[in-house]
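**Q** Below are the sequence and a predicted model; questions follow.
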Amino acid sequence: MTDKQPIAVLGGGSFGTAIANLLAENGQQVLHWMRDPEQAAAIKNDRENPRYLKGIKIHSGVEPVTDLSATLAQCQMIFVALPSSALRQALQPVADQLKGKMLVSTTKGIEANTFLLMSQILEDIAPEARIGVLSGPNLAREVAENALTASVVASEDEDLCRQVQAALHGRTFRVYASSDRFGVELGGALKNVYAIIAGMAAAMGMGENTKSMLITRALAEMTRFAVKLGANPMTFLGLAGVGDLIVTCSSSKSRNYQVGYALGEGLTLEAAVARLGEVAEGVNTIKVLKAKAEEMQVYMPLVTGLHAILFEGRTLDQVIGALMRGEPKTDVDFISTSGF
Ligand SMILES: NC(=O)C1=CN([C@@H]2O[C@H](COP(=O)(O)OP(=O)(O)OC[C@H]3O[C@@H](n4cnc5c(N)ncnc54)[C@H](OP(=O)(O)O)[C@@H]3O)[C@@H](O)[C@H]2O)C=CC1
Ligand SMILES: O=C(CO)COP(=O)(O)O
């Protein structure tokens with residue numbers, strides 16, 4: 001035990017566990033909050049999170065806890081690694097305790113109905129908190145296995161960025177700072193949708209040309225959308241944009257990619273999600289993104305195509321045919337803010 005204040009990590013899943021371990025390896029005392037007392041007891045006794053990160057030893061500096069209010073009372077810096085569907089519901093009841101604290105969202109999703117990003121929900125719940133996001137090509141298992149990894153902390157609050165960098169920087173994890181919180185967070189949420197498409201393409205045996213086309217056109221599409229919403233297009237050339245897009249569209253370790261792969265093998269969406277048993281944020285994001293793209297009149301053929309397959313009864317062949325027959329377009333048009 002040190003006399004330093006502990007850092008809280010909220011969420012007992014794979015990313016919460018990976019971040020908690022990383023902080024502890026850096027000498028921080030970590031209170032790792034999870035809702036399931038049995039899971040907390042198992043981690044305490046066995047120093048392993050068998051459901052979400054089997055085979056990874058949990059550092060002795062990580063204390064699994066289940067009392068959220070007591071955890072928040074002890075910590076100034078709080079990492080939030082809850083699914084997007086749970087974040088508001090989990091934190092609204094403790095909103096009074098978040099005043100003045102540093103809240104760093106690692107959640108890569110968009111709230112249904114409001115189209116709010118997670119840090120915007122945090123702002124909504126706790127207007128007097130200090131808010132940031134952590135995003136980048138950060139597959140949880142690789143982070144936990146100490147693969148050399150880089151990430152981005154983004155906030156208008158420079159001191160928060162510096163403190164998060166100091167807490168997380170280590171032998172195997174490098175943290176870059178950005179002031180474009182919206183762009184960094186949007187990149188992390190949008191790329192999940194394209195990872196589903198990439199997984200489908202892989203299951204269908206598509207080649208490397210196809211993969212490259214998909215990733216590059218996905219970057220064009222997500223940047224076009226983000227620019228329309230006011231984000232800085234340059235952010236999409238960084239770790240939290242193209243960096244995260246590449247890793248999630250290329251790796252079978254990505255849960256979104258795995259859902260896509262299962263769909264490509266012929267499973268229904270329900271069966272694909274059930275087989276995964278973990279969060280694949282892209283499944284919710286595609287629904288809200290398709291509606292928002294229509295509302296904003298942004299051309300997003302990949303999003304439209306995936307939505308048609310998942311929710312409008314179109315077949316993969318029909319959608320691929322329509323995508324390839326679409327009218328010819330200009331290659332790099334998405335950095336320009338004119339012509340939308
Ligand atoms: N995994 C990764 O590689 C990365 C994930 N992220 C992001 O992190 C976020 C969390 O993902 P991840 O850790 O992977 O998810 P997992 O599927 O691994 O785990 C989800 C966790 O959230 C908990 N949970 C679900 N609902 C609630 C609730 N209402 N209240 C409290 N806890 C709840 C689950 O608890 P229980 O087991 O009790 O159901 C479980 O501990 C996602 O937005 C993801 O995009 C970001 C970077 C990398
Ligand atoms: O965001 C991630 C890697 O940066 C993890 O992606 P998945 O949620 O698809 O596993």
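**A** In hand now; what should we look at? Numbers count the residues shown, from 1 in each chain. Ligands and ions are numbered 1, 2, ... in the order given.
**Q** going forward, measure contacts and count neighbours with C-alpha atoms only.
**A** OK.
**Q** So stretch 178-194, near ligand 1 or not?
**A** No - using CA under 6 Å from any ligand atom, stretch 178-194 stays clear of ligand 1, with a minimum separation of 7.4 Å.
**Q** Please compute how far that stretch lies from its chain's middle.
**A** Offset of stretch 178-194 from its chain centre (CA atoms, centre = their mean, to the nearest Å): 8 Å.
**Q** Quick one: mean pLDDT over that stretch.
**A** Averaging pLDDT along stretch 178-194 yields 97.
**Q** end-to-end on stretch 259-272?
**A** Start to finish, the residues bounding stretch 259-272 are 5 Å apart (CA to CA, to the nearest Å).
**Q** Let me fix that, I meant to ask about stretch 143-158.
**A** Using CA to CA, one end of stretch 143-158 lies 25 Å from the other.
**Q** Where does pLDDT dip in this structure?
**A** Low-confidence segments of the chain (pLDDT under 70): 1-3, 334-340.
**Q** Which helix or strand contains the closest residue to Thr210 other than its chain neighbours?
**A** Counting by CA to CA, 6 or more residues apart in numbering, Thr210 lies nearest to Ala201, which is 7.9 Å off, once chain neighbours are set aside. Per DSSP states H and E, Ala201 falls inside helix 181-203.
**Q** CA-only coordinates of that helix in CSV, if you can.
**A** Extracted in CSV, the C-alpha atoms of helix 181-203 (Å, rounded to 0.1, in the frame of the first residue of the first chain):
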residue,chain,number,x,y,z
ARG,A,181,-12.1,15.1,-27.4
PHE,A,182,-15.0,14.9,-29.8
GLY,A,183,-13.0,13.6,-32.8
VAL,A,184,-11.0,11.1,-30.8
GLU,A,185,-14.2,9.7,-29.2
LEU,A,186,-16.2,9.6,-32.4
GLY,A,187,-13.4,7.7,-34.2
GLY,A,188,-13.5,5.0,-31.5
ALA,A,189,-17.2,4.6,-31.8
LEU,A,190,-17.5,4.7,-35.6
LYS,A,191,-14.8,2.2,-36.4
ASN,A,192,-16.7,-0.7,-34.7
VAL,A,193,-19.3,-0.6,-37.5
TYR,A,194,-16.6,-1.1,-40.1
ALA,A,195,-15.0,-3.9,-38.1
ILE,A,196,-18.2,-5.8,-38.4
ILE,A,197,-18.1,-5.4,-42.2
ALA,A,198,-14.4,-6.4,-42.3
GLY,A,199,-15.2,-9.6,-40.3
MET,A,200,-17.9,-10.5,-42.8
ALA,A,201,-15.6,-10.0,-45.7
ALA,A,202,-13.0,-12.2,-44.1
ALA,A,203,-15.5,-15.0,-43.5
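**Q** and it, what does it pack onto?
**A** strand 130-135, strand 149-154, helix 208-228, helix 244-250, helix 255-264, helix 282-296, helix 301-311 (3 or more CA pairs under 8 Å, 6 or more residues apart in numbering; DSSP states H and E).
**Q** Please tell me how far the first one is from the chain's geometric centre.
**A** If I follow you right, that is strand 130-135. Distance, centroid of strand 130-135 to centroid of chain: 12 Å (CA atoms, centre = their mean).
**Q** separation between Ala18 and ligand 1?
**A** 8 Å (CA to the nearest ligand atom, to the nearest Å).
**Q** Just confirm that residue contacts Asn146, I think it does.
**A** No - Ala18 is beyond contact range of Asn146, at 9.5 Å (criterion: CA atoms under 8 Å).
**Q** Which one of those two is surrounded by more residues?
**A** A count of neighbours by other CA atoms under 10 Å puts Ala18 above the other of Ala18 and Asn146, at 25 against 15.
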